[in-house]
Every structure is written in structure tokens, then in C-alpha cells.
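Student: quick one: sequence and predicted model below, then my questions.
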Amino acid sequence: MRKRIVVLLIVLITVSLSAFAGAQAEADKGYDLYIYNSKGENAAQFAEMAKAYEAETGVRVRTFSIGSGQDHMETLRAEMNSRNKPSIFSIQGVKELIEWYQGGFVVDFNSITDASFKALANNISPSLRLTNDGKTSFGVPYNVEGYGYIVDRQMIADLFGGASVDAFIADAKIATYAEWEALVKALDAYIKRNVQATVKLNGKAYVLATAKTGLAKNLNGVFAVMGAEKWTYGDHFINVAVNAVFANPNAAANATDADVEQLRGAFLAYAKALDLKTSYLAGLRGAATRGQDFVSSANFGYDQAVQIFADNKAVFFKQGNWAYGNIAGVNAAQAERLEFLPVKMPFESADIKVAGLTVAKLNSSIPVFVPNYYAINNQVPAAEQKLAMDFLVWLNTSATGKKYIVEEFNFIPYNADPATTTLPNSLGNSILDYIKAGTIIAAPYHGAPATWSGDVVGLRLMERYLTKPNWTAQDYKDIVDYAVQNWQSLN
């Protein structure tokens with residue numbers, strides 16, 4: 001009997017130790033903090049930043065970043081349903097907040113008692129907070145971003161003369177849409193047929209050079225455009241038009257069907273402006289046209305459009321300051337000479353429904369907004385939530401964290417003072433100039449139904465219109481009807 005008891009005890013101890021060892025092995029996932037990053041443009045730098053954090057704190061960080069231009073929601077949903085959920089994850093504005101809020105995934109910062117994190121959260125400007133009611137706060141901004149038509153100052157010098165660059169930029173910012181359209185067509189004739197012309201911007205005359213010299217000799221089109229990336233025209237381009245009716249994402253999120261009907265005039269202006277932009281295309285191997293090739297990721301994806309612009313084959317490139325690193329990787333000298341011009345559309349006064357906004361103000365402003373927020377996962381253990389808080393404090397307050405934000409990610413800090421901040425990249429400083437001047441608009445498309453701008457309108461444009469050489473007045477009307485009706489049906 002004693003022998004049996006001893007054997008039984010040995011077996012029980014062995015089993016217990018094995019179970020304990022197994023539990024320990026299961027508990028040690030190989031990392032302490034898991035961060036899901038939806039900003040694919042800084043994936044490599046983000047991973048390096050995580051290593052720097054581990055070196056300073058001993059906390060092991062696993063990072064996951066999506067590919068540049070990739071839709072992140074499906075991947076994030078899969079991660080949220082996995083055994084090892086991210087402790088920090090990305091939310092791209094109010095339209096995505098709804099899903100994670102209703103699912104119980106987001107921690108409201110108002111409920112946090114940790115002193116260091118509470119101080120960070122409380123100092124986020126109310127206008128930049130991720131909220132569903134104006135009282136809650138669910139995210140720490142990655143940064144602020146802006147976008148417009150990127151132009152190389154040296155290209156302008158080679159086209160219109162070095163002495164004209166500053167005046168040209170200043171007048172182009174406040175030029176009317178009619179002047180902008182005339183400029184685009186004059187540039188196209190100059191590039192393709194050597195037709196010299198005088199153009200007017202803000203009523204002032206600018207004369208194209210008698211012959212192509214310098215960078216201008218490389219041009220084969222006016223615009224570098226990512227036809228294969230529907231988010232660029234389905235999200236960001238249409239957002240300019242949405243600003244005519246909705247001042248911010250919450251206004252768009254609470255829109256009635258009647259409110260959405262008011263977008264028809266602005267969407268007509270959007271369709272006409274998109275037609276103009278995609279009618280004068282530069283390509284990798286020569287002038288390009290709309291067609292099946294234009295929506296091919298092998299020829300007109302993100303990287304290809306960056307290459308077209310960085311190779312000086314296009315005058316304008318509608319993108320945001322996040323593209324700075326990509327451009328610098330191809331043409332470092334050019335990256336130091338970049339400026340933003342506003343995306344202009346042929347709005348009429350009746351299209352503008354936002355109090356205090358005018359056609360002139362809308363066409364001389366660029367969108368500046370928070371594109372992504374770091375949220376803390378409410379469904380991970382409290383210990384992991386604490387690690388998440390510590391990391392976000394470090395990222396936004398430590399010397400190393402701030403260095404990565406500004407110098408490696410090429411971000412504009414969400415709490416930067418435009419009057420005193422100078423950034424180490426041209427596009428960031430161009431955005432600060434717009435902020436200082438007060439010529440900025442918002443990102444109300446973030447408040448539209450989640451799939452509306454990119455997956456619905458953007459996909460329709462890609463499949464039916466960007467493959468079509470010529471657009472008609474009926475095409476414009478059909479684009480407007482589709483955009484309005486699908487917003488209403490998705491509401």
C-alpha cells in the first residue's frame with residue numbers, strides 16, 4: 001500500500017510539474033506587448049522603434065504592420081478573434097470606432113486612473129480626440145497629416161523661371177478652379193506639343209519657358225496618379241467635396257438622408273475634378289491614359305506613382321506627407337524641395353452648406369486631420385493594458401519616442417506648435433504653414449459609413465470610370481447618384 005501511495009504521489013507530482021511547465025510555456029508568448037499598426041508606410045521604422053523600446057525598458061514588443069495602401073480591417077478582425085489579441089491597435093477615425101466600441105474592445109481613457117497616462121490623455125486637444133459623443137476619449141493620435149497636390153519647387157523653376165517660384169506657389173494656393181484647369185491644360189500642351197503659353201493664377205501672369213530645360217525635360221504628363229489604389233480617389237479626393245457639407249466626422253456620422261442629399265452639388269464638382277486629374281496622366285514609360293492598364297497595380301500602384309513623380313515625369317502628385325519617406329527613398333534631393341498645393345474643385349456657392357465656409361476658402365485649403373489612433377484593447381488582461389499605457393506615454397514623451405515620431409516616421413506630432421516647430425522634412429513644414437495660416441479643412445469622410453468611400457464609391461470608379469477614356473455629363477450624374485444613394489443605403 002505504501003509503495004502504491006508513493007508511486008501515486010510521484011505520478012501526481014510529475015503531472016503537476018508538467019502542467020505547470022506547460023502553463024508557463026503557454027504564458028510566455030515570446031513577447032509582453034503586442035501592437036497592431038495600420039500605417040504600412042512606416043512598418044520597418046515601427047519595428048525598429050519597438051526594439052529601441054525593449055532596449056530601454058526590457059519590455060518585449062511584438063509588432064504587426066499591414067502593407068502600404070492595404071485595407072487593415074479584415075486582418076485586424078482576425079487578430080481580435082485570435083487567442084493572442086493585440087493590446088494596442090489602430091482605429092482610423094469615427095467610422096471604425098463604432099465597430100470596436102459596440103464590440104467592447106476599446107478602453108475609455110476617462111476610466112483610467114494611471115497618473116502618467118491620464119496626464120497624456122487629458123492633454124489631447126478636444127478637437128483631436130476620438131470620441132462618439134464629445135465626452136468619451138478612445139485614442140491617442142498617431143500624428144496629424146495633410147494632403148494635396150505635391151509639387152517640386154525646382155520643377156516650377158524650370159517651367160516658369162527661378163525668380164517666379166515663391167510667387168507661383170503663393171498664387172497657385174489661392175487660384176480659382178478655372179485658373180487651375182487652364183494651368184493643367186497649358187502644361188499638357190507644353191509637355192506633349194511644346195506649346196508655350198501664359199497662364200494666370202490669382203489673376204497674375206506666369207509664362208512657360210521657351211524650351212524645356214532641367215527637370216522639365218523628363219516630363220511626360222501632368223499628374224502622377226495611383227489608379228490601382230482606390231483609397232486615393234475614393235477616400236481622400238472625395239473627402240474634399242464632403243467638406244462642403246459636413247464640417248467634421250461627427251457631423252457626417254449623424255447625417256440624415258436629407259443631409260446627404262445636400263452633397264449632390266459637391267459630388268458633381270468632385271466628379272469633374274477627378275475627370276480632369278485622370279485625363280492628363282504621366283506614366284513610367286510615357287504619357288498614360290485611362291484604361292485597364294491604369295487600374296493595374298503593376299503599373300499604377302503606390303510604388304509606381306511615387307517612382308513616376310520622383311523621376312520628374314509628372315508635375316503634380318496628389319498625396320500626403322506620409323509619402324515623404326517613399327519619395328526620399330527614390331530621390332532624396334527632390335524630397336527636400338516639396339510643397340503642397342490645395343486640391344481644387346469647381347464648386348459653386350450653392351454647394352457649400354457649412355457656416356462660414358466659402359468656395360475660395362475650400363479651394364485654398366488642405367485637409368489636416370488625425371488619420372490613425374492608438375487604442376487600448378479592453379479585452380486583454382489589466383497587466384497588458386498597463387504595459388500599453390506605459391508604451392504610449394514613452395512614445396509621446398521620451399526623447400527616443402519623439403525622435404522616432406519626427407525623424408523616422410516623418411510624422412507631424414499631434415501636439416506640435418506650428419509657430420515654433422520646424423520639422424526635418426519639407427512636406428511636414430508645408431502642412432505647418434497651412435495650419436499657421438488657418439487654411440485647413442477636416443476629414444469628415446471618416447464619419448461616413450465605414451465601407452462607403454473606398455470599398456463602394458472607390459471600387460465603382462475603378463471598375464467603371466477609370467477604365468473609360470472619356471467621361472460624359474451623364475457619367476458625372478451617375479457618379480453623383482451612386483455616391484449619394486449608397487451613403488443613404490449604408491446609413
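Tutor: Received it, and whenever you're ready, just let me know what you need. Numbering: from 1, shown residues only.
Student: would you mind measuring the gap between the ends of stretch 366-385?
Tutor: Using Cα to Cα, to the nearest Å, one end of stretch 366-385 lies 36 Å from the other.
Student: swap in stretch 391-406?
Tutor: End to end - Cα to Cα - stretch 391-406 spans 17 Å.
Student: check contacts around the most centrally placed residue in the chain.
Tutor: Nearest to the geometric centre of the chain sits P371, at 5.5 Å (Cα atoms, centre = their mean). Going by Cβ atoms under 8 Å, 6 or more residues apart in numbering, P371 touches 39, 92-93, 142-143, 145, 322, 443. From N, CA and C alone the C-beta is placed, and that goes for glycine too.
Student: can we see that at 6 Å?
Tutor: When contacts are counted by Cβ atoms under 6 Å, 6 or more residues apart in numbering, P371 touches E145.
Student: dig out what P367 forms beta bridges with.
Tutor: According to DSSP bridges, the partner residues bridging P367 are I441.
Student: okay, it: pLDDT?
Tutor: Listed pLDDT for P367 reads 97.
Student: how close does it sit to A119?
Tutor: Per Cβ to Cβ, to the nearest Å, P367 is found 30 Å from A119.
Student: of these two, give the one with the bigger neighbour count.
Tutor: P367 (24 against 11; other Cβ atoms under 10 Å).
Student: from memory the more buried one sits against T439, does it?
Tutor: No. Using Cβ atoms under 6 Å, P367 is not in contact with T439; the gap is 10.9 Å.
Student: any stretches of this structure with poor pLDDT?
Tutor: 1-28, 68-70 (pLDDT under 70).
Student: show the contacting residues for G454.
Tutor: Contact partners of G454, counting by Cβ under 6 Å, 6+ apart, are 230-231, 234-235.
Student: burial of V315, as a residue count?
Tutor: 28.
Student: next one: the one 3 residues further on
Tutor: Using other Cβ under 10 Å, K318 has 23 other residues around it.
Student: show me what contacts it?
Tutor: Listed by Cβ under 6 Å, 6+ apart, the contact partners of K318 are Y149.
Student: one more time with 10 Å, if that's ok
Tutor: K318 sits next to 147-150, 223-226, 232-233, 236-237, 277, 305, 309, 340-341, 343 when contact means Cβ atoms under 10 Å, 6 or more residues apart in numbering.
Student: which of those residues fall in helices?
Tutor: Among those, the members falling in helices (DSSP state H) are 277, 305, 309.
Student: generate CSV for the residues you listed, with neighbour count as supplementary columns.
Tutor: Formatted as CSV, the ones in helices among the contacts of K318 follow (neighbours: other Cβ atoms under 10 Å):
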residue, neighbour count
K277, 19
A305, 29
F309, 30
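Student: as a check, name the ranges of all helices in the stretch 201-350 of the chain.
Tutor: Counting by DSSP state H, counting those that start in this stretch, one finds helices in the stretch 201-350 of the chain at the ranges 230-231, 238-242, 249-253, 257-261, 264-277, 297-300, 302-310, 324-330, 332-335.
Student: what are the buried residues along the fifth one?
Tutor: In this case it means helix 264-277. Within helix 264-277, the residues scored as buried using 16 or more other Cβ atoms under 10 Å are 265-277.
Student: so what's the residue count around Y374?
Tutor: If you count neighbours by other Cβ under 10 Å, Y374 ends up with 22.
Student: from the chain's centroid, how far away is stretch 130-150?
Tutor: Remark: stretch 130-150 is offset 11 Å from the chain centroid, using Cα atoms, centre = their mean, to the nearest Å.
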